[in-house]
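1. Okay, here's the prediction I keep looking at, along with the sequence it came from:
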Amino acid sequence: THKELRKINPKLIIGDYTGGWYPTYFHVGVNWASKDYDPSKEYSWATPEYKNTGYAELLDVYMTGLYYTNVTKADVDKANGVLGKRTEAGMDNSRTYWYSVEGGAALVKEITRGVVPVIGSIYVDQYEGNADVFSRATTQALKSTDGLMIFDICHIINRNWWDLLDKSIKDANK
């Protein structure tokens, strides 16, 4: 597909979006890792050949869902059994750093091996009633990745969080 799309338009930007919880995302049949990353060294579900299905090198941009209510690794440590809302496909209830915006972004950057820009995605509706955590998550995503995708902008509009989003972006650039 990549080759055929490039024939049609060599300037076409090819991107993908998936959830960032790679250690459990195999359940949905997607391997967005670099071919240089060998998950069989870390995960029992991966065969040594699984790395050959990685497709990060075929992308011009990769957007990853950092759909976590814990923003930093320190937040995970302080969670005291409260894991946060986890309702996305492939997620489990483990207590691990990659279930935070900071830790998830670090894992995604490690797995993609720098072959593609990584854009962190924040699920705004997840922060209903907690504007401060949304602001922290947005700032962290910008600091930890190569950009930001807001999912979905209607939640910014409905909550009138434009000033909050603006402040978060400015905080990330300090």
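-> That came through fine.

2. Which stretches in the chain count as helices?
-> For the chain, the helices defined by DSSP state H cover 2-8, 22-25, 73-78, 101-112, 131-144, 153-159, 162-172.

3. low-scoring stretches of the chain, by residue?
-> Counting by pLDDT under 70, the chain has low-confidence residues at 80-95.

4. Now with 80, please.
-> 77, 79-96 (pLDDT under 80).

5. re the thing from before, can you lay out the helices of the chain as JSON lines showing mean neighbour count and distance to S121?
-> No exception for glycine: its C-beta is placed from N, CA and C like everyone else's. JSON lines is the format used below for the helices of the chain (neighbours: other Cβ atoms under 10 Å; distance: least, Cβ to Cβ, whole Å):
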{"stretch": "helix 2-8", "mean neighbour count": "10", "distance to S121": "22"}
{"stretch": "helix 22-25", "mean neighbour count": "20", "distance to S121": "14"}
{"stretch": "helix 73-78", "mean neighbour count": "16", "distance to S121": "18"}
{"stretch": "helix 101-112", "mean neighbour count": "22", "distance to S121": "10"}
{"stretch": "helix 131-144", "mean neighbour count": "21", "distance to S121": "8"}
{"stretch": "helix 153-159", "mean neighbour count": "13", "distance to S121": "12"}
{"stretch": "helix 162-172", "mean neighbour count": "14", "distance to S121": "14"}
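
6. In a markdown table, list the ones you listed along with distance to K35.
-> A markdown table is the format used below for the helices of the chain (distance: least, Cβ to Cβ, whole Å):
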| stretch | distance to K35 |
| --- | --- |
| helix 2-8 | 13 |
| helix 22-25 | 15 |
| helix 73-78 | 28 |
| helix 101-112 | 11 |
| helix 131-144 | 23 |
| helix 153-159 | 34 |
| helix 162-172 | 31 |
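
7. mind checking which of the ones you listed is nearest I119?
-> helix 131-144 (8.6 Å; Cβ to Cβ).

8. and the closest one with helix 162-172, angle?
-> 40 degrees (axes from the mean of the first three to the mean of the last three Cα atoms, to 10 degrees).

9. how far does helix 131-144 sit from the chain's center?
-> Centroid separation for helix 131-144 versus its chain: 13 Å, with Cα atoms, centre = their mean, to the nearest Å.

10. Next, the angle helix 101-112 makes with that helix.
-> Going by the same axes, to 10 degrees, helix 131-144 makes 30 degrees with helix 101-112.
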